[in-house]
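1. could you work out the structure for the sequence below:
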Amino acid sequence: MTLRTPSPACPKTPPPAPRPRRILSATPITVRLPISLDAFHLLHHTTYTLYARAHLTPAAATAAVDATFGALAADWTYLLGKRALTAHAWAELVRNAESRHRPLPHVPADDTLGYDAHILTELGYSPSDIAEVTGHPASTIRYLLAPHPLPVTNLLSSPH
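-> As a prediction, the model looks like this:
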């Protein structure tokens with residue numbers, strides 16, 4: 001039987017030297033967007049910005065449009081399979097621009113799409129352009145923008 005001899009005591013290891021602080025550079029992270037989202041952005045960004053600026057300050061409008069495209073980018077793959085992609089995107093912009101909560105006073109806001117069509121008309125868009133950006137049929141937009149005859153209740157009664 002052999003006796004074990006105790007091993008010599010290990011000297012204490014010093015604590016590790018502190019790591020040098022890493023300075024984070026201001027290099028932005030670049031994300032490659034799908035080309036279809038990039039094309040959608042190119043088609044609608046100007047109109048979205050003009051609509052948002054009609055309701056918000058320039059800085060808030062930029063933030064609303066950025067939030068809109070951010071939300072679209074997050075769900076883009078799912079949204080591509082939807083029939084109403086453009087209408088969904090427009091609804092997201094309207095929500096972010098808060099135009100339903102603070103409509104412009106000179107435009108009747110009883111019909112939401114009609115309100116949007118009137119605002120976009122004031123911004124210089126044609127009914128076809130409005131239909132394309134809101135995702136609704138051009139015939140609906142033309143109907144909403146057309147002058148309507150007075151309702152029967154506004155007619156004077158004829159003397160008998």
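2. how about low-confidence regions in this structure?
-> Scanning the chain for pLDDT under 70 picks out 1-11, 13, 19, 21-29, 149-160.
3. centroid-nearest residue for it?
-> With distances taken as Cα atoms, centre = their mean, residue 68 lies nearest the centre of the chain, 1.3 Å away.
4. was I right to think that residue contacts residue 51?
-> No - look at residue 68 against residue 51 with Cβ atoms under 8 Å: they stay out of range, at 10.3 Å. Placement of C-beta: from N, CA and C, glycine included.
5. shared neighbours, those two?
-> Residues touching both residue 68 and residue 51 (Cβ atoms under 8 Å, 6 or more residues apart in numbering): residue 93.
6. report the contact partners of residue 71.
-> Neighbouring residues of residue 71 by Cβ under 8 Å, 6+ apart: 92, 96.
7. now it: which helix or strand?
-> Counting by DSSP states H and E, the element that carries residue 71 is helix 58-74.
8. same question for residue 132.
-> Applying DSSP H and E, one finds residue 132 within helix 127-134.
9. likewise residue 120?
-> With elements taken from DSSP H and E, the one containing residue 120 is helix 112-122.
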